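S.K.: coords below, sequence missing:
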Ligand SMILES: NC(=O)c1ccc[n+]([C@@H]2O[C@H](COP(=O)([O-])OP(=O)(O)OC[C@H]3O[C@@H](n4cnc5c(N)ncnc54)[C@H](O)[C@@H]3O)[C@@H](O)[C@H]2O)c1
């Protein structure tokens with residue numbers, strides 16, 4: 001692993017809708033320096049060069065990568081460019097943060113994982129929800145067995161959101177839910193099904209319904225849409241002992257745990273009685289997930305540690321999205337998920 005300056009010097013590539021949020025967080029972190037910002041668009045550079053007067057600006061990634069004092073780049077450009085730009089950055093010996101999804105196909109994602117591995121560089125994917133304090137709490141509840149056996153879960157990620165042309169609702173929104181699902185579930189799914197419709201733009205699905213099934217019997221359903229009157233970001237987990245909902249749009253009571261389920265009736269064989277017990281909402285810390293994500297990237301560079309959402313985790317998400325896309329293309333026919341190597 002290359003030696004790192006006392007405060008890692010990082011460049012952000014892509015200053016469109018999302019990149020400025022990453023730049024803002026990196027700039028605010030004491031542990032690193034926002035050394036470069038890069039965007040092909042003159043207006044984007046002009047806008048942010050006023051905000052970050054001590055940062056160098058360029059339209060050309062090669063100029064950023066040629067800086068021998070630069071430790072890392074954060075790639076926040078459109079998904080079609082992720083693999084190519086990340087490959088260049090890793091080849092230039094820079095640690096690399098890539099926005100989700102890591103790449104548009106598993107072959108490209110595998111190449112990035114191998115390259116980072118060979119060069120002993122940090123490769124981290126921006127699976128933001130994996131840094132959300134509410135998701136961490138939910139993962140802890142499951143880990144401690146408080147929900148019992150997790151039977152199934154479902155999520156709604158809906159909005160009248162950004163209408164994209166270069167990726168559909170599955171890849172744009174589903175990357176979030178699949179990353180959380182893979183964190184919460186044991187193992188990888190074996191079969192997926194997806195149906196969706198492209199109402200606004202030809203060939204780009206605005207609404208997708210995805211079903212993901214694991215060998216264990218665990219199942220997940222994702223409702224993804226940027227064509228919806230409601231803004232919802234909700235995940236419900238149904239376990240044998242308890243059920244839980246994480247509602248990211250709620251200002252209070254983001255996480256709710258329901259002591260609900262069925263208990264065997266003591267006096268009759270094979271009958272069940274409904275249990276409807278306490279409903280509790282533990283406090284969820286208000287920390288900005290994006291700040292936690294950026295700080296984690298800096299820590300991993302500093303300490304040479306493996307990120308929570310490392311290259312193999314990003315590759316696993318791409319494999320599931322790729323299988324779901326095959327199902328979408330095949331009109332909803334179930335598709336297998338490609339198996340990974342043990343490390344991926
Ligand atoms: N984590 C999240 O919640 C979240 C939310 C929104 C977007 N994103 C991700 O952020 C990424 C960017 O999305 P966006 O909505 O900001 O896109 P965008 O189109 O608004 O912005 C992309 C920017 O990249 C620049 N760019 C493109 N190619 C370039 C190149 N080769 N060199 C330099 N600059 C280049 C463009 O000029 C543009 O300013 C995507 O991967 C998206 O999935 C993540």
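M.R.: Structure received. Computed from a predicted structure; not experimentally measured.
S.K.: Do a quick rundown of the strands in the stretch 201-344 of the chain.
M.R.: 207-214, 219-225, 232-239, 243-247, 255-264, 272-280, 335-336 (DSSP state E, counting those that start in this stretch).
S.K.: what packs against the second one?
M.R.: By that I understand strand 219-225. strand 150-158, helix 169-184, strand 207-214 (3 or more Cβ pairs under 8 Å, 6 or more residues apart in numbering; DSSP states H and E). In this view, the C-beta of every residue, glycine as well, is placed from N, C-alpha and C.
S.K.: Touching it from outside, list them.
M.R.: Contacts to strand 219-225, defined as Cβ atoms under 8 Å, 6 or more residues apart in numbering, come from residues 151-159, 169-170, 173-174, 177-178, 181, 185, 189, 206-213.
S.K.: Could you rerun that using 7 Å?
M.R.: Identification of contacts with strand 219-225 by Cβ atoms under 7 Å, 6 or more residues apart in numbering yields 152-158, 169-170, 173-174, 177, 181, 206-213.
S.K.: burial of the nearest residue to residue 102 once chain neighbours are set aside, as a residue count?
M.R.: Here the nearest residue to residue 102 in space, its sequence neighbours aside, is residue 314; by Cβ to Cβ, 6 or more residues apart in numbering that works out to 3.4 Å. Neighbour count for residue 314, taken as other Cβ atoms under 10 Å: 29.
S.K.: residue contacts, residue 301?
M.R.: Residue 301 sits in contact with 4, 8, 71, 72, 95, 122, where contact means Cβ under 7 Å, 6+ apart.
S.K.: let's go with 6 Å and repeat that
M.R.: Listed by Cβ atoms under 6 Å, 6 or more residues apart in numbering, the contact set of residue 301 reads 4, 8, 72, 95, 122.
S.K.: got it, and residue 190?
M.R.: residue 215.
S.K.: Look up how far residue 150 lies from it.
M.R.: Distance of residue 190 to residue 150, given as Cβ to Cβ, to the nearest Å: 16 Å.
S.K.: Which parts of the stretch 51-200 of the chain are strands?
M.R.: All strands of the stretch 51-200 of the chain, identified by DSSP E, counting those that start in this stretch, fall at 56-58, 72-75, 95-99, 123-126, 150-158, 189-197.
S.K.: The ligand: which of those is closest?
M.R.: The ligand sits nearest to strand 95-99 of all these, at 3.5 Å, using Cβ to the nearest ligand atom.
S.K.: For that closest one, name the packing helices and strands.
M.R.: For strand 95-99, the packing partners by 3 or more Cβ pairs under 6 Å, 6 or more residues apart in numbering; DSSP states H and E come out as strand 72-75, helix 79-91, strand 123-126.
S.K.: Mean pLDDT and mean neighbour count added to those, as JSON lines?
M.R.: What follows is the helices and strands packed on strand 95-99, written out as JSON lines (pLDDT from 0 to 100; neighbours: other Cβ atoms under 10 Å):
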{"stretch": "strand 72-75", "mean pLDDT": "98", "mean neighbour count": "26"}
{"stretch": "helix 79-91", "mean pLDDT": "98", "mean neighbour count": "20"}
{"stretch": "strand 123-126", "mean pLDDT": "98", "mean neighbour count": "29"}
